[in-house]
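S.K.: Dropping the sequence and predicted coords here.
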Amino acid sequence: MEKTSTHKDKLEEQPLQRYAACVEYDGGNYCGWQRQSHSPSVQEQVEKALAKVANHEIKVICAGRTDTGVHATGQIIHFESVSSRTEFNWVSGANSYLPRDVCIKWAKPAPEGFHARFSAVSRTYRYLVLCNKQRTAISPQAITLVKVQDLDIVEMQKAMNLLVGKHDFSAFRGANCQAKSPVRQVEMVNIEQIGQLIQFEIRANAFLLHMVRNLVGALVPIGKGELSLADFEKIFHSLDRKLAPAAAAPNGLYLSEVEYPLEFNLPQPENNLWFKPLV
């Protein structure tokens, strides 16, 4: 008796296509990007939504695994599917299944050899601080509140400038970091301010666990006048995490851009942002 082809059999006969996509999310309700058995994750939400569009299981790879409470405006992923869908179908279809705090910004077929993590040449993080002596009721999980009238951004910028170049960042490395080397290449640092809102920005080839939060945790005391530039430099060169101040809260941190070689012809990172540099 001739075997009847099932839907699964037909899917397996189709060629596998790799896709790249950009994900934006508010991480306040999630245990981070990576799937966890005990808590909801952004990865779980994205895979479930894409699977409904594809009509088969989807596994995604991201450019950078953000921690609990951390946000993204330019997280890049790739996934593979045998289902033929247009770019519009992937985006609008997935967004119709995603919760309000996660969305797909764009999706397109990925060029040969593209890998969301290993093809990236740099990543940019932004950290938002609100200077206000009273708490805020507007999106409190989207920023970190510092209860002062103002911070000295000139002194904080001087400290950030020391980070540019290839350095050992052990003094700002999370305790459970699994990176083989603490050395990272920082390409750009910047601080901008509009009113009471201050934005820290740092771009590097890669980051250590909690590296940006640990850095901001040391920069804010400089802005308050509690830590000198010389103290910061001493901590940096000591390579001792125990000498540095506590990490800043996760809620002000955003993975804002991931850059790739031009040959992959992906949308430019600045098109992925819902907020621009402040000034």
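M.R.: Arrived safely. Residues are numbered from 1 along each chain as shown.
S.K.: can you pull out the helices in the stretch 51-200 of the chain?
M.R.: Shown for the stretch 51-200 of the chain, the helices assigned by DSSP state H, counting those that start in this stretch span residues 87-97, 153-161.
S.K.: okay, these, which one's buried deepest?
M.R.: Among the helices of the stretch 51-200 of the chain, helix 153-161 has the highest mean neighbour count (mean count of other CB atoms under 10 Å), at a mean of 18. C-beta: built from backbone N, CA, C; applies to glycine.
S.K.: if I've got this straight, residue 21 is in a strand?
M.R.: Yes - checked against DSSP: H, G, I helix; E, B strand; the rest coil, residue 21 lies within a strand.
S.K.: Show me what counts as buried in stretch 216-227.
M.R.: 216-224, 227 (16 or more other CB atoms under 10 Å).
S.K.: swap in stretch 73-90?
M.R.: Residues of stretch 73-90 classed as buried: 73-79, 81, 83, 85, 90 (neighbour count, 16+ other CB under 10 Å).
S.K.: same question, stretch 138-157
M.R.: 141-146, 151, 153, 155-157.
S.K.: export the residues you listed to a markdown table and tack on pLDDT and distance to residue 185?
M.R.: Output for these, formatted as a markdown table (pLDDT from 0 to 100; distance: CB to CB, whole Å):
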| residue | pLDDT | distance to residue 185 |
| --- | --- | --- |
| 141 | 88 | 31 |
| 142 | 92 | 29 |
| 143 | 93 | 28 |
| 144 | 95 | 26 |
| 145 | 95 | 32 |
| 146 | 95 | 29 |
| 151 | 96 | 27 |
| 153 | 96 | 24 |
| 155 | 97 | 24 |
| 156 | 98 | 21 |
| 157 | 97 | 20 |
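S.K.: Let's have the helices of the stretch 51-200 of the chain in JSON lines, adding distance to residue 40.
M.R.: Shown next, in JSON lines, are the helices of the stretch 51-200 of the chain (distance: least, CB to CB, whole Å):
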{"stretch": "helix 87-97", "distance to residue 40": "15"}
{"stretch": "helix 153-161", "distance to residue 40": "34"}
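S.K.: Convert the C-alpha atoms of stretch 257-271 to CSV, please.
M.R.: Once non-C-alpha atoms are left out, stretch 257-271 reads as follows in CSV (Å, rounded to 0.1, in the frame of the first residue of the first chain):
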residue,chain,number,x,y,z
GLU,A,257,23.2,48.2,17.7
VAL,A,258,25.0,45.2,16.2
GLU,A,259,27.3,45.9,13.3
TYR,A,260,28.2,43.5,10.5
PRO,A,261,30.4,43.6,7.4
LEU,A,262,28.7,45.5,4.5
GLU,A,263,28.8,42.4,2.4
PHE,A,264,25.8,41.0,4.3
ASN,A,265,23.7,44.0,3.2
LEU,A,266,21.7,44.2,6.3
PRO,A,267,19.7,47.3,7.3
GLN,A,268,21.9,49.9,8.9
PRO,A,269,21.8,49.8,12.8
GLU,A,270,20.6,53.4,13.1
ASN,A,271,17.3,52.4,11.4
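S.K.: isn't residue 253 right next to residue 70, touching?
M.R.: Yes - using CB atoms under 8 Å, residue 253 is in contact with residue 70, at 4.7 Å.
S.K.: how about residue 254, what does it touch?
M.R.: 70-73, 125-128 (CB atoms under 8 Å, 6 or more residues apart in numbering).
S.K.: Then residue 108?
M.R.: 19-21, 87, 266-267.
S.K.: Then residue 58?
M.R.: 47, 50-51, 79-81.
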